[in-house]
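A.B. asks: Predicted structure and sequence below. I'll ask about it afterward.
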Amino acid sequence: MKKKIVLISAVVLMMFGCSLNEARAVNLPDPVVDERINADETERKIVVAGGCFWGIEAVFLHLKGVKNAVSGYAGGESGTAAYDQVSRGNTGHAEAVEITYDPQQVTMGTILKIFFSVAHDPTQLNAQGPDHGTQYRSAIFYEGDEQKEVARQYIDQIDATDLLGKKITTTLEPLDQFYPAESHHQNYVAFHPDSMYVIVHDAPKLVAFEGNFPNLYVK
């Protein structure tokens with residue numbers, strides 16, 4: 001099934017004059033500042049947003065050290081944490097993904113490196129590909145000062161290199177609550193490999209991820 005997705009993705013992308021690796025893969029430096037890990041810690045969480053949550057979730061489900069990735073909503077109130085309301089773009093929510101990871105295997109810094117280099121384009125304001133609106137904004141929903149500082153420092157570090165060609169638009173927002181999305185949105189890419197949206201916008205991310213970060217990609 002994976003070969004089928006890759007082949008169809010290649011054909012579709014060539015129609016637009018780009019290769020799979022050009023779809024979304026930027027060689028970014030490792031973060032200079034990263035989170036501090038205690039020797040006995042085995043689980044941490046971070047919530048990120050960057051366009052449709054399907055592709056973001058799919059990328060991080062393949063990152064070494066990630067225990068789980070859940071699609072959901074962050075930034076708004078509990079009463080509007082539903083797809084039909086969030087999609088209107090006036091709830092304050094962003095389509096987001098809660099990443100649960102083992103900090104002994106992967107740190108927040110590495111997660112952010114994948115987030116900025118493969119999972120989405122952080123230079124687009126309130127949009128990713130065909131999706132437009134504040135619900136598709138690039139954001140990091142931090143818990144505590146350490147997460148906020150690691151994210152802020154890495155954004156400043158990347159912006160100073162001009163590797164992305166534009167400044168990062170990713171917002172840093174305190175996490176009030178993460179609300180899991182409806183069940184049919186969970187692991188959507190794996191369950192709908194023949195979806196044209198997945199083929200065009202999500203499958204190339206996985207190909208670029210595996211091709212550029214083979215030591216971090218897990219089947």
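C.D. replies: Nice, thanks for sending it over. Please read these numbers as outputs of a predicted model, since none were measured by experiment.
A.B. asks: shaky segments in this structure?
C.D. replies: Applying pLDDT under 70 to the chain flags residues 1-24.
A.B. asks: Which residue lies nearest the spatial centre of it?
C.D. replies: Residue closest to the average C-alpha location in the chain (C-alpha atoms, centre = their mean): residue 56, at 3.6 Å.
A.B. asks: a helix runs through that one, doesn't it?
C.D. replies: Yes: assessed with DSSP: H, G, I helix; E, B strand; the rest coil, residue 56 lies in a helix.
A.B. asks: who's in contact with it?
C.D. replies: Residue 56 makes contact with 48, 49, 50, 69, 71, 96, 97, 115, 119, 120, according to C-beta atoms under 8 Å, 6 or more residues apart in numbering. Quick note: C-beta positions are derived from backbone N, CA and C, even for glycine.
A.B. asks: distance of it from residue 34?
C.D. replies: Distance, residue 56 to residue 34, using C-beta to C-beta, to the nearest Å: 21 Å.
A.B. asks: pretty sure residue 25 is in a strand, no?
C.D. replies: No: Residue 25: not assigned to a strand; according to three-state DSSP it is coil.
A.B. asks: secondary structure element for the closest residue to it other than its chain neighbours?
C.D. replies: What sits nearest to residue 25 in space, not counting adjacent residues and going by C-beta to C-beta, 6 or more residues apart in numbering, is residue 208, at 3.9 Å. Assigned by DSSP states H and E, residue 208 belongs to helix 203-212.
A.B. asks: out of the contacts of residue 56, who's nearest residue 25?
C.D. replies: residue 119 (10.5 Å; C-beta to C-beta).
A.B. asks: Tell me how many other residues surround that closest one.
C.D. replies: Residue 119 has 28 neighbouring residues, counting by other C-beta atoms under 10 Å.
A.B. asks: Next: the one 3 residues further on.
C.D. replies: Applying the criterion other C-beta under 10 Å, we find 25 residues in the vicinity of residue 122.
A.B. asks: The spatially closest residue to the residue nearest to the centre of the chain that is not a sequence neighbour in helix, strand or coil?
C.D. replies: Leaving aside its chain neighbours, residue 56 sits nearest to residue 97 (4.6 Å; criterion: C-beta to C-beta, 6+ apart). Per three-state DSSP, the local secondary structure of residue 97 is strand.
A.B. asks: do the one 3 residues further on as well
C.D. replies: Using three-state DSSP as the criterion, the local structure at residue 100 reads strand.
A.B. asks: who's it bridged to?
C.D. replies: Per DSSP bridges, the residues bridged to residue 100 are residue 45, residue 68.
A.B. asks: Could you double-check that it lies in contact with residue 45?
C.D. replies: Yes: look at residue 100 against residue 45 with C-beta atoms under 8 Å: they come within range, at 5.2 Å.
A.B. asks: now, which of the contacts of residue 56 sits nearest residue 61?
C.D. replies: Closest to residue 61, out of all of the contacts of residue 56 and judged by C-beta to C-beta, is residue 69, at 4.9 Å.
A.B. asks: For the closest one, which residues are in contact?
C.D. replies: The contact partners of residue 69, taken as C-beta under 8 Å, 6+ apart, are 56, 57, 60, 61, 97, 98, 99, 100.
A.B. asks: can you give me the end-to-end distance of stretch 165-174?
C.D. replies: End-to-end distance for stretch 165-174: 27 Å, by C-alpha to C-alpha, to the nearest Å.
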